[in-house]
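>>> next one to model:
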Amino acid sequence: ISNGSEQIRRVREAFIRGKLTLFCGAGVSMSAGIPGWKVFLRHLLRDLFEQNRKSDEKEKGNLAEIYQEYFALSPIIVAQYLKNALGSDFLRTVRDALYTSQPTSSPLIDSICELCRPQREQRALHGIVNFNFDNLIEQNLEREKIKHHAIFKEGQRSSSTELPIHHVHGYLPRGIEPDPTVEIVFSEDTYHSKFIDPF
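Numbering: from 1, shown residues only. This next block holds a predicted model:
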C-alpha cells in the first residue's frame, strides 16, 4: 500500500462488503472518561490502602502516588501486586475503578455505534475486537437499539442478527456482579496463561 488514500479505499470497500472488523484499544474507553493505565493503577492502590488503614482521602491519594513514583515499579509489577493483595475483592474493585467518573459516551464511541448500524444498501461491521474490560460500546449500542452480543468466555456465540463484540482481555460490565469464573488479562501471570492457550 503506497499511500493513505489507498488504505482508506480498501477500508471503505471492506466496510461496504460487511467484512470490516474494528479493533478497539484503551483510547476508545479513555475518550469517554475511563482512566488511563497509570491513573487507573493509582486508583486501585488507593482503594487497597483504604481497606488496610484508616486515613483521609487526600492521604490515601498521596500514598498511592508516592508508592508509584518512589518505587518506580513497572505497571506490570504493580498490577500483579494489586491482584494478589486484593484477593477475592479484585474483580469488584477493578470494575468499580473503571466507572468512577461515571463515563457514558464520546464522539468516538458515537462514531463506532454509527458504523455498527445496518444500512439498507450495505451490511454492518463484521465484528468488534475490544481489548477493554468495560461495556461502554455495548451500553451505547443498546441505547441505539442495535443488536449485539458480548463474547468474553469460551463457548459463547452470537446469532446471525447480532454484532459480535469479543472482549479478549475480559469483561467487567457496569452494574453487574463480576463472574468469578472469568479471568481478566490484568497481570503478567494471566497474560502468559492466555498466550500459551491456542484457543
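>>> pLDDT-wise, which helix or strand of the protein ranks last?
helix 57-71 (a mean of 55; mean pLDDT, DSSP states H and E).
>>> after that helix, which helix or strand is next? Please name it.
Scanning forward in sequence from helix 57-71 by DSSP states H and E, the next helix or strand is helix 75-86.
>>> now do the buried residues in that next one.
Neighbour-count burial for helix 75-86, with 16 or more other Cβ atoms under 10 Å as criterion, is recorded at V78, A79, Q80, Y81, L82, K83, L86. Heads up, the C-betas are built off the backbone N, CA and C, glycines and all.
>>> which strands or helices does it pack on?
Counting by 3 or more Cβ pairs under 8 Å, 6 or more residues apart in numbering; DSSP states H and E, the packing neighbours recorded for helix 75-86 are helix 37-52, helix 90-98, helix 188-195.
>>> show me the shaky parts of the chain.
For the chain, the stretches with pLDDT under 70 are 1-2, 52-75, 120-123, 188-196, 198-199.
>>> contacts only, for the residue most central in space within it.
The residue lying closest to the centre of the chain (Cα atoms, centre = their mean) is N132, at 1.4 Å. Under the criterion of Cβ atoms under 8 Å, 6 or more residues apart in numbering, the contact list for N132 reads C24, G25, A26, V28, S29, I34, H167, H169.
>>> give me the phi and psi for the residue nearest to the fifth one when sequence neighbours are not counted.
Okay, so that is S29. Here the nearest residue to S29 in space, its sequence neighbours aside, is N132; by Cβ to Cβ, 6 or more residues apart in numbering that works out to 4.6 Å. Summarising the backbone geometry of N132 under the convention degrees, to the nearest 10, its torsions are phi -90, psi 160.
>>> and for the one 5 residues further on?
Backbone dihedrals for I137, given as degrees, to the nearest 10, come out at phi -60, psi -40.
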